[in-house]
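*Asks:* Got a predicted structure plus its sequence, pasted below:
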Amino acid sequence: MDTAEKLAYVVRSPTEEVLTEEDLRVLFDEGRAIDHYIGFEISGLIHLGTGLMAGAKIADFQKAGITCRIFLADWHAWINNKLGGDMDTIRKVAVGYFKEGMAVSVKIMGGDPDKVRYILGSELYADDPDYWATVINVSKNLTLARVRKSITIMGRQQQEDVNFAQLIYPPMQVADIFSQDLTLVHSGIDQRKAHVIAREVAPKIGRDKPVAVHHKLLLGLNQPPVWPVEKSQMRELLSQMKMSKSIPKSAVFIHDSPEEIREKLRLAFCPAGNIDFNPVLDWAQSLLFRNEGFALEVSRPAKFGGDVVYPTFESLQTAFAAGELHPMDLKKAVAEALTQLLEPARDLFAQPRHAAMLEELREIKVTR
RNA sequence: CCCGACUUAGUCUAGCCUGGUUAGGGCAGUGGACUGUAGAUCCACGAAUCGCCGGUUCAAAUCCGGCAGUCGGGACCA
């Protein structure tokens, strides 16, 4: 496989940006082993924006010959008060649930979960005697203002009150990258600030700049806080419109039942004819049509036009924009296709061992 | 360590000075109506140990004392 083909895998949807494509091209051309990572706070149930979006890119990366790893950020979750801020709970969930959930997500999107390495944050820190020196080294090259601005990577508002530990989080996230000698760091676009810091700090502390790949965020199913959305503000508002665990109706989880999937999509925000901001279309594009040969099958009563099949996202989008496809029919079709896609995750978590863990997790208070 | 301000539903907040109706409102939420979806709109509804402990009083969110938390300032700067 030549560089162009590999690049195409990296850049394809749902990738939103690569910092920088040129840097990545050089890595491919030199034939160097590329070590990828994506990190997650251990924060509760895995929704499609976490599992499938990351899984999609991991599958692409693997096809491009990149070695992938998933970083289970237990310390970060602890600092950010996830799962009640209880480290024992976080560790248990990380290994017993999160790892399994991410693995099946990778599989669903066409990747090989057995070729993914899973690293627990606390293990990395225990194994690397220089880790905390790296944190300090990174911190010495950051101002307080810069760190404060970067706390949006924790899902916090910039003006929000944070405790001091939360200010240590961004430099730690950057140190994670150097400690693992990563060449390609990956995340949703919401983590961009951390990766930009890593690229800026790298030369100052004698490290190579990692290439950063950011995928777009899956839209939440709920109505955005501002509507209608001006196209010019779309970018700024996008983080508020993303799928969120703390807004239950905005998210479908990887192990949701067919009934839950159907019901959540039924309640989804979906203005007829609108293709600029439409979570249902967005999901179809990002999660369904990326799979080779996928076609969306819509079954509807004859009085509404009868059954139709859309072989490409473009054909679907055009029909919807033209009002040829009613939102309800779209929702039903997408729910059906998603239900099929997520079957492996449902099966996995239906197994007694995993079901128990999931049940336990559902009872643990999910803190923002 | 000292001084001051603040603390009312998920959230923002009114009321406190001048004790006394069911502690009011916005946003969020829930249910319904209307739409072949959702949203918008209209109607209805649920939700608050008034930070904690004690005191005064017939009666305390309201007055007094103590404690805690948050924020701001001061002190310390060998």
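*Replies:* Arrived safely.

*Asks:* Give me the pLDDT for A:Lys231.
*Replies:* You'll see A:Lys231 listed with a pLDDT of 67.

*Asks:* Oops, could you answer that again for A:Leu330 instead?
*Replies:* The model's pLDDT for A:Leu330 equals 96.

*Asks:* Spatially nearest residue to it (excluding sequence neighbours)?
*Replies:* Distances taken as Cβ to Cβ, 6 or more residues apart in numbering put A:Val280 closest to A:Leu330, at 5.7 Å, once the chain neighbours are dropped. Yep, even glycine has a C-beta here, placed from its N, CA and C like the rest.

*Asks:* Tell me which residues touch the one you found, please.
*Replies:* Going by Cβ atoms under 8 Å, 6 or more residues apart in numbering, A:Val280 touches A:Leu221, A:Leu265, A:Ala268, A:Cys270, A:Pro327, A:Leu330, A:Lys331, A:Val334.

*Asks:* how near is the third one to A:Ser246?
*Replies:* Right, the one you point to is A:Ala268. Going from A:Ala268 to A:Ser246 by Cβ to Cβ, to the nearest Å gives 17 Å.

*Asks:* before we move on, what about the second one?
*Replies:* In this structure, A:Leu265 lies at 20 Å from A:Ser246, with Cβ to Cβ as the measure.

*Asks:* Near A:Phe40, how many other residues are there?
*Replies:* Using other Cβ atoms under 10 Å, A:Phe40 has 21 neighbouring residues.

*Asks:* show me the contacts for the closest residue to it other than its chain neighbours.
*Replies:* Distances taken as Cβ to Cβ, 6+ apart place A:Ala73 nearest to A:Phe40, at 6.1 Å, with adjacent residues excluded. Counting by Cβ under 8 Å, 6+ apart, A:Ala73 makes contact with A:Gly39, A:Phe40, A:Glu41, A:Ile42, A:Gly121, A:Gln173, A:Asp176.

*Asks:* Now intersect those residues with the strands, please.
*Replies:* Judged by DSSP state E, the subset of the contacts of A:Ala73 located in strands is A:Gly39, A:Phe40, A:Glu41.

*Asks:* Tell me the first helix or strand C-terminal of the least confident helix or strand in chain A by mean pLDDT.
*Replies:* In chain A, the helix or strand scored least confidently by mean pLDDT, DSSP states H and E is helix A:234-241, which has a mean of 69. Following helix A:234-241 in sequence order, the next helix or strand is helix A:258-266 (DSSP states H and E).

*Asks:* what's downstream of that next one, the next helix or strand?
*Replies:* Counting by DSSP H and E, the next helix or strand C-terminal to helix A:258-266 is helix A:279-283.

*Asks:* Pull the distance from that following helix to the chain's centre.
*Replies:* Taking Cα atoms, centre = their mean, to the nearest Å, one finds helix A:279-283 lying 15 Å from the centre of the chain it belongs to.

*Asks:* count of neighbours near A:Asp2?
*Replies:* So A:Asp2, with other Cβ under 10 Å, has 9 neighbours.

*Asks:* A:Ser179 too?
*Replies:* 20.

*Asks:* ok, it - contacts?
*Replies:* With contacts defined as Cβ under 8 Å, 6+ apart, A:Ser179 is in contact with A:Leu124, A:Asp128, A:Asp130, A:Tyr131, A:Thr134.

*Asks:* what about A:Lys245, neighbour count?
*Replies:* What A:Lys245 shows, counting by other Cβ under 10 Å, is a neighbour count of 19.

*Asks:* Thought A:Gly49 was touching it, still the case?
*Replies:* No: judged on Cβ atoms under 8 Å, A:Lys245 makes no contact with A:Gly49 at a distance of 9.3 Å.

*Asks:* so what sits against both of those two?
*Replies:* In contact with both A:Lys245 and A:Gly49: A:Ala251, using Cβ under 8 Å, 6+ apart.

*Asks:* A:Tyr118 in helix, strand or coil?
*Replies:* Following DSSP: H, G, I helix; E, B strand; the rest coil, the label given to A:Tyr118 is strand.

*Asks:* if we can go back for a sec, so A:Ala268 and A:Ser246 - more neighbours on which side?
*Replies:* Neighbour count, other Cβ under 10 Å: between A:Ala268 and A:Ser246, A:Ala268 has more, with 24 against 12.

*Asks:* Contact partners for the closest residue to that one other than its chain neighbours?
*Replies:* Distances taken as Cβ to Cβ, 6+ apart place A:Leu221 nearest to A:Ala268, at 3.9 Å, with adjacent residues excluded. Shown in contact with A:Leu221 (Cβ under 8 Å, 6+ apart): A:Met243, A:Lys249, A:Ser250, A:Ala251, A:Val252, A:Lys264, A:Leu265, A:Leu267, A:Ala268, A:Phe269, A:Pro279, A:Val280.

*Asks:* any idea how far the second one lies from A:Met243?
*Replies:* Okay, so that is A:Lys249. Distance of A:Lys249 to A:Met243, computed by Cβ to Cβ: 10 Å.

*Asks:* swap in A:Val298?
*Replies:* 24 Å.

*Asks:* A:Leu342 reaches A:Ile108, doesn't it?
*Replies:* Yes: counting by Cβ under 8 Å, A:Leu342 does reach A:Ile108; the two are 6.8 Å apart.
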